[in-house]
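# Fold the following, please.
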Amino acid sequence: MNKNLTSKIILIIVLVAVGAWTLYPPGDKLKPGIDLAGGTSLIYEIDTHGLTVSERKDVAAEMITVLRRRIDPANIQNLIWRPLGSNRFEIQMPLASAEARQRREEYINAEKALLDKNLSPSKILRSLEQPAEDRAEAFKAFAQGDPNRVEILDKLATVHDEHKALKNKRDELHSTLKTTEAKMSAAGLDLDKVHGNRNDWAKLDTQELEQTLKEFTDVNDSRVLLTEYVKTYSEWSRVADELLAKQVQYKDARGTIDRLNLSRDQLNVCLEAPKNRQAQIEKLKADFPDRVSEIDNVVAAYDSYSPYKGRLDDPMQLKRMLKGAGILEFRILPRQDDPQVDKALIDSYVTRIEEKGPQYASDTRYMWFEIENYEEWGAPGSIVAPFGGKYYVLASNQKDETMLHNPGEKSWKLVKANPTTDDMGRRAIGFLLDDRGGNLFQNITGKNIGRPLCILLDDIAISAPNISVKIRRQGIITGSFTQTAVDDMVNKLNAG
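Below you'll find the model as predicted:
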């Protein structure tokens, strides 16, 4: 009996010690509730328009379940969720500790100081058009004494000037051609015939050209005009070819501006690296030798804040997460074999995401979106690239190729989502749009038949079926879904 009692006491002591060790230091591991620390209370009202009486009955509780699963699945954020009647709910968020707020602010300030040293590509490109002395002064400020920056900026300026000189020369020769054509037309020469022969004439030597023009016209003054015209055209063709090659060089030189900037995605990948973290940080310092002290400050601030990172300690952060819950949008995907797509342009997007991350590599034409399940991604030919252990797909950001919830635009909404099956009997999610959404969906599907339509939920690419016919209000989301995934997505969509 005494032996059993001793064993139990030892077990209790061990369990208490483990618990104390797990919670130590309590200031870091335990987060006081709203009654002790104060905090924020957020109250939301649910739009139940279009729902039946039975559907409205438990809508607040269902909404809480969906949002809680998205924002605090492990129930560790110390948030309090309460339904208020049938169509309202409250979220109480305790205030973070003073130490957590301080470390978060220190990290944000250190990150800002580092990223503020980035250069605006538009400012650099505008400075290229300045007089030589002003441009040299601007470039000196941009370079900040870094030889790497000096080399990139000097090469950009050289290629820009060469490109501009060739462009001016081409335009000047084109103007001369037009003037000569006006004279030839006044002399009675057939310009259509001249245009049809000028490529061949430009390849002839002086004697061959003279003989050919005698056969073309017997008027001496006309032959003089033609000789002048062919000479100018030959020069214009040569300059135009040189300009075309120089445009490629100029585009490449402009692309090197990206090397001057450090993106937030690029920084976070280093800071959050599960292995070889120090090696990645050292590479970052080597790539940005003028920012070594700022990088060290960010690393130190991140390591100090990391025990608190991941917790919700800012009401605005919670609002952003709530705003992005269950948002359905559509975007057309460019494909590698699409004749409407500039392959060189697409290659530049791939290069940029591999070097700088999805946020920096997105712009007004195309944007990168994380793929929910890369192993099951079924959009052949889509532009996919890895970054930071995740895979992203390139999607359009252009008119008639997107259906989004942009602020300032007339809204559309999802009326209902429900479990269904596709033509092959696989699990799928059916959806019904309102009239405004139906008109927009009809536009995007009608103008992009044969192209993949990416279905995004909260900016995550779910699937991208090809558009075979124009669709209006009803559609389905296909993919390799488990029943749990279908139910979860239906709940998210209906909550959103």
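# Hmm, residue 146 is touching residue 287, no?
No - judged on Cβ atoms under 8 Å, residue 146 makes no contact with residue 287 at a distance of 10.8 Å. To be clear about C-beta, it is placed using only N, CA and C from the backbone, and glycine gets the same treatment.
# Show me the helices in the stretch 1-150 of the chain, by range?
Remark: helices assigned in the stretch 1-150 of the chain by DSSP state H, counting those that start in this stretch are 2-23, 26-29, 34-37, 53-57, 59-71, 98-115, 121-127, 132-143, 147-186.
# Just put these in JSON lines and tack on distance to residue 452.
Converted to JSON lines, these look like this (distance: least, Cβ to Cβ, whole Å):
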{"stretch": "helix 2-23", "distance to residue 452": "48"}
{"stretch": "helix 26-29", "distance to residue 452": "47"}
{"stretch": "helix 34-37", "distance to residue 452": "47"}
{"stretch": "helix 53-57", "distance to residue 452": "33"}
{"stretch": "helix 59-71", "distance to residue 452": "27"}
{"stretch": "helix 98-115", "distance to residue 452": "34"}
{"stretch": "helix 121-127", "distance to residue 452": "30"}
{"stretch": "helix 132-143", "distance to residue 452": "41"}
{"stretch": "helix 147-186", "distance to residue 452": "36"}
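# Just name the most buried of those.
Comparing the helices of the stretch 1-150 of the chain by mean neighbour count (mean count of other Cβ atoms under 10 Å), helix 59-71 comes out on top with a mean of 18.
# Return the mean pLDDT over stretch 341-350, rounded to an integer.
Mean pLDDT, stretch 341-350: 87.
# Show me what that stretch is in contact with.
Stretch 341-350 is contacted by residues 251, 255, 334, 335, 336, 361, 365, 366, 368, 383, 385, 394 when judged by Cβ atoms under 8 Å, 6 or more residues apart in numbering.
# Please name the nearest non-neighbouring residue to the third one.
Residue nearest to residue 334 in three dimensions, not counting chain neighbours: residue 341, with 4.5 Å by Cβ to Cβ, 6 or more residues apart in numbering.
# Name the SS class of the one you found, please.
What DSSP: H, G, I helix; E, B strand; the rest coil gives for residue 341 is coil.
# Number of residues surrounding it?
The burial count assigned to residue 341 is 17, neighbours taken as other Cβ atoms under 10 Å.
# As JSON lines, the helices of the stretch 1-150 of the chain with mean pLDDT would be great.
JSON lines is the format used below for those (pLDDT from 0 to 100):
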{"stretch": "helix 2-23", "mean pLDDT": "73"}
{"stretch": "helix 26-29", "mean pLDDT": "58"}
{"stretch": "helix 34-37", "mean pLDDT": "57"}
{"stretch": "helix 53-57", "mean pLDDT": "75"}
{"stretch": "helix 59-71", "mean pLDDT": "80"}
{"stretch": "helix 98-115", "mean pLDDT": "90"}
{"stretch": "helix 121-127", "mean pLDDT": "89"}
{"stretch": "helix 132-143", "mean pLDDT": "88"}
{"stretch": "helix 147-186", "mean pLDDT": "92"}
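# Tell me, please, where in the stretch 201-350 of the chain the pLDDT is lower than the cut-off.
Counting by pLDDT under 70, the stretch 201-350 of the chain has low-confidence residues at 310-311, 313, 324-326.
# Quick one: the strands in the chain, in order.
If DSSP state E is used as the criterion, the strands of the chain fall at 39-45, 80-84, 88-94, 328-332, 366-371, 384-387, 390-396, 402-403, 414-421, 427-433, 453-457, 460-463, 474-477.
# Compare those strands and say which comes out lowest on pLDDT.
Among the strands of the chain, strand 474-477 carries the lowest mean pLDDT, at a mean of 78.
# In that one, which of the residues would be classed as buried?
Neighbour-count burial for strand 474-477 flags 475, 476, 477 (criterion: 16 or more other Cβ atoms under 10 Å).
# Who are the packing partners of that strand?
Packing partners of strand 474-477 (3 or more Cβ pairs under 8 Å, 6 or more residues apart in numbering; DSSP states H and E): strand 427-433.
# try 10 Å
Here strand 474-477 touches strand 414-421, strand 427-433, helix 435-446, strand 453-457, strand 460-463, helix 483-495, going by 3 or more Cβ pairs under 10 Å, 6 or more residues apart in numbering; DSSP states H and E.
# Walk me through which strands the first one pairs with, and which way each runs.
Meaning strand 414-421. Partners of strand 414-421 in the sheet, by DSSP bridges, are strand 427-433 (antiparallel).
# which parts of the partner strand are buried?
Neighbour counts over strand 427-433 (16+ other Cβ under 10 Å) mark 427, 428, 429, 430, 431, 433 as buried.
# still on that earlier bit, please identify which of the helices and strands packed on strand 474-477 is closest to residue 152.
Closest to residue 152 of the helices and strands packed on strand 474-477, according to Cβ to Cβ: strand 460-463, at 33.8 Å.
# Now do that closest one: which elements does it pack against?
strand 366-371, strand 390-396, strand 427-433, strand 453-457, strand 474-477.
# again, only this time at 6 Å
Under the contact criterion of 3 or more Cβ pairs under 6 Å, 6 or more residues apart in numbering; DSSP states H and E, strand 460-463 touches strand 366-371, strand 453-457.
# strands paired with the longest one, and their directions?
So the one you mean is strand 366-371. Sheet pairing of strand 366-371 (DSSP bridges) gives strand 390-396 (antiparallel), strand 460-463 (parallel).
# how about the ones you listed in TSV, adding distance to residue 483 and mean neighbour count?
Below are those laid out as TSV (distance: least, Cβ to Cβ, whole Å; neighbours: other Cβ atoms under 10 Å):
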stretch	distance to residue 483	mean neighbour count
strand 390-396	25	22
strand 460-463	16	22
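# wait, which of the strands of the chain is closest to residue 237?
Proximity to residue 237 (Cβ to Cβ) singles out strand 366-371 among the strands of the chain, at 34.0 Å.
# Now do the closest one against strand 453-457, angle only.
Inter-element angle recorded for strand 366-371 and strand 453-457: 60 degrees (by axes from the mean of the first three to the mean of the last three Cα atoms, to 10 degrees).
# Strand 366-371: how far from the chain's middle?
The chain centroid and the centroid of strand 366-371 are separated by 5 Å under Cα atoms, centre = their mean, to the nearest Å.
# same deal with stretch 121-141?
Computed by Cα atoms, centre = their mean, the chain-centroid distance of stretch 121-141 equals 28 Å.
# repeat for stretch 386-405
6 Å.
# Stretch 370-387 now?
The chain centre lies 15 Å from the centre of stretch 370-387; the measure is Cα atoms, centre = their mean.
# do the same with stretch 401-409
Computed by Cα atoms, centre = their mean, the chain-centroid distance of stretch 401-409 equals 16 Å.
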